[in-house]
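>>> Structure, please.
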Amino acid sequence: MKVTRKNPGDVAPPIWPYTHLSIVPRGADLLVLSGQVGTDAEGNLPSDAEGQMHNALNNVLRILNSEGVTAEGIIKINIWLTEPVERDRFLEVWSQFHGGTPPATTMAYVTSLAQPALKVEVEAWAARW
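Numbering: from 1, shown residues only. Reported below is the predicted structural model:
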């Protein structure tokens, strides 16, 4: 079993790499992660949004991997940024993260996060079967 991802034909295609719909297989466990910020495994926080994005996505993967789940099990990602990121760099990091099967995704710009130095927060929902 795996998560099914769809972009229905009667809706405009995604405007960047994501999927409109993720379907969780029957009987799967639902894993809900708290928002992950851009610190590395030692708690260091890069000053740039791209570095924080990379770390936040890696934190999501580390948490999921601790439960035997890979990026393929992600059903929904929410990304909050406090400043623009360089698009090409973002797409490179994003592509490495999802490995060619982007989940349902929401990305938004906000005025601030929990601490002034934080520029990125990523929340993920995943399925384990």
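
>>> List the contacts of the closest residue to Asn55 other than its chain neighbours.
Closest residue to Asn55 apart from its sequence neighbours, by CB to CB, 6 or more residues apart in numbering: Gly38 at 4.4 Å. Glycine gets a C-beta too; all of them are placed from N, C-alpha and C. Going by CB atoms under 8 Å, 6 or more residues apart in numbering, Gly38 touches Leu45, Pro46, Ala49, Gly51, Gln52, Met53, His54, Asn55, Ala56, Leu118, Lys119, Val120.

>>> how does it look with 10 Å?
44-59, 113, 117-122 (CB atoms under 10 Å, 6 or more residues apart in numbering).

>>> Now the phi/psi pair for it, please.
phi -90, psi 20 (degrees, to the nearest 10).

>>> Show the pLDDT at the residue positioned nearest the centre of the chain.
Closest to where the C-alpha atoms of the chain average out (CA atoms, centre = their mean) is Ile77, at 4.2 Å. With respect to pLDDT, Ile77 scores 97.

>>> Can you say which helix or strand has Leu30 in it?
In the assignment (DSSP states H and E), Leu30 maps to strand 29-32.

>>> So which other helices or strands are in contact with the helix or strand following that strand?
For strand 29-32, the following helix or strand on the C-terminal side (DSSP H and E) is strand 36-37. Judged by 3 or more CB pairs under 10 Å, 6 or more residues apart in numbering; DSSP states H and E, strand 36-37 is in contact with helix 49-65, strand 120-128.

>>> Pull out the buried residues from stretch 57-74.
Leu57, Asn58, Asn59, Val60, Leu61, Ile63, Leu64, Val69, Ala71, Glu72, Gly73, Ile74 (16 or more other CB atoms under 10 Å).

>>> pLDDT (mean, whole number) over that stretch?
97.

>>> what about it, how long is it end to end?
12 Å (CA to CA, to the nearest Å).
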